[in-house]
Structure formats: structure tokens, C-alpha cells
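S.K.: Build me a model:
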Amino acid sequence: MSETTKASPAEQLQDITTLELAQELAQRLAISHRDWHRLQGDRKAQAGQQLASAMIFLLKDKPELALNHLQQATGWLDKSLKAPGCPDKK
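M.R.: Numbering: from 1, shown residues only. Purely as a prediction, here's the structure:
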């Protein structure tokens with residue numbers, strides 16, 4: 001590949017480990033402190049954050065922690081979990 005040719009997104013991903021890819025996904029899906037109030041009840045956002053965390057723990061060979069986050073994601077999706085109180089008010 002010449003210097004003027006850019007690598008495709010798929011080619012760029014080949015240089016990233018699966019764990020690094022999962023960590024990037026988790027970072028993108030994380031609910032920031034700034035967005036917490038807006039997204040606290042957003043089930044898709046909450047579940048996505050938990051699923052990404054579960055994937056990281058699974059890749060780090062920590063199945064118990066992965067299962068915990070997977071169960072939390074399920075709770076958001078099946079509506080058995082509700083948003084906790086504001087972290088600033090504890």
C-alpha cells in the first residue's frame with residue numbers, strides 16, 4: 001500500500017486487539033457524568049453500557065464479573081431495573 005493510499009476501516013481494525021476494540025466500544029457507550037441525568041432512564045443506553053463492560057470482563061477471563069454486567073443489561077432490557085438515584089445526591 002502506498003503512502004498516498006489510506007487503509008480501509010477494516011484494515012485499520014486488523015491492528016487492534018479484540019480487547020482494545022471492546023474497550024473502545026465501552027468508552028463510546030459509557031454514560032458520562034455530564035449525560036447521566038439525560039440518559040439515566042434510557043434503557044438502551046444503560047444496557048449497552050453494561051453489555052460492553054460484560055464483553056471486557058469476558059475477554060479478561062473474568063466470567064463472574066461478565067455475568068454480573070450481563071444480568072444488569074438484561075434487567076435494563078426487561079425493565080426489572082430502574083435508574084438509581086443521582087450519584088451527586090448520595
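
S.K.: for the longest helix along the chain, what is the average pLDDT?
M.R.: Across the chain, the helix with the greatest residue count (assigned by DSSP state H) is helix 43-59. Per-residue pLDDT over helix 43-59 has a mean of 97.

S.K.: before we move on, what about stretch 14-26?
M.R.: pLDDT averaged over stretch 14-26 gives 94.

S.K.: just checking, what packs against the longest helix of the chain?
M.R.: Using 3 or more Cβ pairs under 8 Å, 6 or more residues apart in numbering; DSSP states H and E, the elements in contact with helix 43-59 are helix 18-29, helix 63-77. The C-beta positions use only the backbone N, C-alpha and C, and glycine is treated the same way.

S.K.: Give me the buried stretch members for the next helix or strand after the shortest one, please.
M.R.: In this case it means helix 18-29. Following helix 18-29 in sequence order, the next helix or strand is helix 36-39 (DSSP states H and E). Under the neighbour-count criterion of 16 or more other Cβ atoms under 10 Å, helix 36-39 has L39 buried.

S.K.: Check which helices and strands helix 36-39 sits against.
M.R.: For helix 36-39, there are no packing partners by 3+ Cβ pairs under 8 Å, 6+ apart, so no helix or strand.
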